[in-house]
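Student: Could you look at this predicted model? Sequence included:
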Amino acid sequence: MNQYQSLKEKNAKGSAIVSFALVAPLVFLISAAGIQLVFLLMTYANISIASEFGARELGRGIPAQYVEPKILIQLKNFSYFDSSPTILFKKTLISGISLKSVEISVPIDWPLGINFNLTSTSHAD
């Protein structure tokens with residue numbers, strides 16, 4: 001009976017090692033993806049707040065040439081991206097109302113060749 005229990009314990013240890021070897025990479029991959037998603041959401045919140053700030057400044061009548069450096073300073077304070085953002089100032093006519101808009105776009109380069117632009121646009125009258 002003692003030999004049977006010893007064999008059973010060895011089998012249990014072996015199956016635990018195999019289970020760990022199968023599950024550990026999945027847990028690591030899901031954790032890494034979750035961390036990347038958090039940084040992506042933080043980046044989007046950052047550029048969204050900066051575009052709202054820029055639209056407010058344009059709405060107050062401050063020229064775009066003075067607003068852009070302020071937006072860049074705000075983006076650098078909470079920067080979670082390595083690339084430089086693209087800032088566009090536009091005028092849009094909607095239902096006869098002229099709106100000023102600020103569009104901030106940041107290129108995102110993820111592993112496995114996933115590349116896209118994260119963009120936020122805000123409007124002011």
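Tutor: Structure's in. What do you need? Numbering: from 1, shown residues only.
Student: For the rest of this, base every contact and every neighbour count on C-alpha atoms.
Tutor: Noted.
Student: what's the span of stretch 79-93, first residue to last?
Tutor: 32 Å (CA to CA, to the nearest Å).
Student: what's the average pLDDT for that stretch?
Tutor: Stretch 79-93 comes out with an average pLDDT of 84.
Student: Give me the contacts around it.
Tutor: Residues from elsewhere that reach stretch 79-93 (CA atoms under 8 Å, 6 or more residues apart in numbering): 39, 42-43, 46, 64, 68, 98-108.
Student: what's the next secondary structure element after the top helix by length along the chain?
Tutor: Counting residues, the longest helix found in the chain (DSSP state H) is helix 2-59. Downstream of helix 2-59, the next assigned helix or strand under DSSP states H and E is helix 64-77.
Student: tell me which residues of the strand or helix carrying D109 are tucked away?
Tutor: Element membership for D109, per DSSP H and E: strand 97-110. Buried residues in strand 97-110, counted by 16 or more other CA atoms under 10 Å: 99-107.
Student: What pairs with that strand, parallel or antiparallel?
Tutor: Counting by DSSP bridges, the strands paired with strand 97-110 are strand 86-94 (antiparallel), strand 114-124 (antiparallel).
Student: Check Y44 and give its pLDDT.
Tutor: Listed pLDDT for Y44 reads 92.
Student: For it, which residues are in contact?
Tutor: Applying CA under 8 Å, 6+ apart, the residues near Y44 are 118-120.
Student: Check Q65 too.
Tutor: Not one residue lies near Q65 by CA under 8 Å, 6+ apart.
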